[in-house]
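Visitor: structure for the following, please:
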Amino acid sequence: MNIHDNLEESLSYISMFNGVTLNLEEKLKLEISLNDLYLNLKADEILFWGKIIGVEKDYYVAMALFYKEKLDFPKKTFYFCTSSNFSFSLLPEVQDYHINIVSKINSYFTGNPETILEYLSKDIDNFNPNDFDSIYKRASIMKNLTEADRLAYVIRNIEYDCSVVPVRAYKMIPQGELRPNDNFNGLNEEELLKLESYLHFRPPTSEEKQEVIKRGESIMDFSFLDDLSQEKHKGNYYFKLRFLVC
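Guide: Predicted structure coming up:
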């Protein structure tokens, strides 16, 4: 949900579906932290992505969107904070060598991002900062897997599969940049229950959609992103609209 929308009102829609919301203290602290993040980043849009409950502390996640000068699709950047400080930090990038390990973890989050889940880093004997080989070996060392890395993996997986927007909610401008469509007033009743009325909010993966963008036809065609009709085997899982997920 966009931080410039009424946070209280937006959360009320979510609680109608799953009974989960934020308490008054959380809402107040998040509003301050999200606005500080927006002012410091100068992003085009800041969204409150959601909350992940931990055993000791909870995580709160924000997503920054940068539309300008980003061809075909905006840049998404994720930030997180915990219930102990409500101070947002950049979420780490997912390392390829972490994926096989982190994908098998199914325990609860603790809420401590620095907790090491798997030791992978090794010390280099006789490290010489003036020796190229020593520098290369240190740069090649794998980073220990922390809970922050696991958080990054889980969030990006959810975002890839579940971030969904209605067709016509976004448009492509002549410069090849995506923008929210100010003229969008919602789907009509006939469209609401059709999978093709909802689009994945991510760069298109199908060759057909990619070609539409390359040819410049996306300016006149609002269906230039992958639609959910390709995901029928996953059923109602995909009927979570983006404002409910984020």
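Visitor: from here on, contacts and neighbour counts on C-alpha atoms
Guide: Will do.
Visitor: and the top helix by length along the chain, how far out from the chain's middle?
Guide: Secondary structure of the chain per DSSP state H: the longest helix is helix 24-41. With C-alpha atoms, centre = their mean, to the nearest Å as the basis, helix 24-41 stands 17 Å off its chain's centre.
Visitor: for the helix or strand following that helix, packing partners?
Guide: With elements assigned by DSSP states H and E, the helix or strand that comes after helix 24-41 is strand 45-52. Applying 3 or more C-alpha pairs under 8 Å, 6 or more residues apart in numbering; DSSP states H and E, we find strand 45-52 packed against helix 24-41, strand 59-66.
Visitor: repeat that with 7 Å
Guide: strand 59-66 (3 or more C-alpha pairs under 7 Å, 6 or more residues apart in numbering; DSSP states H and E).
Visitor: strand partners of the strand it packs on, parallel vs antiparallel please.
Guide: strand 45-52 (antiparallel), strand 75-82 (antiparallel) (DSSP bridges).
Visitor: and of these, who's closest to N188?
Guide: strand 45-52 (25.4 Å; C-alpha to C-alpha).
Visitor: list the contacts of stretch 49-67.
Guide: 1, 43-48, 74-84, 108-111, 177-179, 245-246 (C-alpha atoms under 7 Å, 6 or more residues apart in numbering).
Visitor: er, stretch 171-191 actually
Guide: With contacts defined as C-alpha under 7 Å, 6+ apart, stretch 171-191 is touched by 67-74, 168-170, 197, 218-219, 222.
Visitor: again, only this time at 8 Å
Guide: For stretch 171-191, contacts defined as C-alpha atoms under 8 Å, 6 or more residues apart in numbering pick out 67-74, 166-170, 197, 216, 218-219, 222.
Visitor: quick one: contacts for E196?
Guide: V167, D227, L228, S229.
Visitor: by pLDDT, give me the weakest of those.
Guide: Ranked by pLDDT, these bottom out at S229 (87).
Visitor: can you count the residues close to that one?
Guide: Neighbour count of S229, defined by other C-alpha atoms under 10 Å: 15.
Visitor: A helix includes it, no?
Guide: Yes: read with DSSP: H, G, I helix; E, B strand; the rest coil, S229 is one of the residues of a helix.
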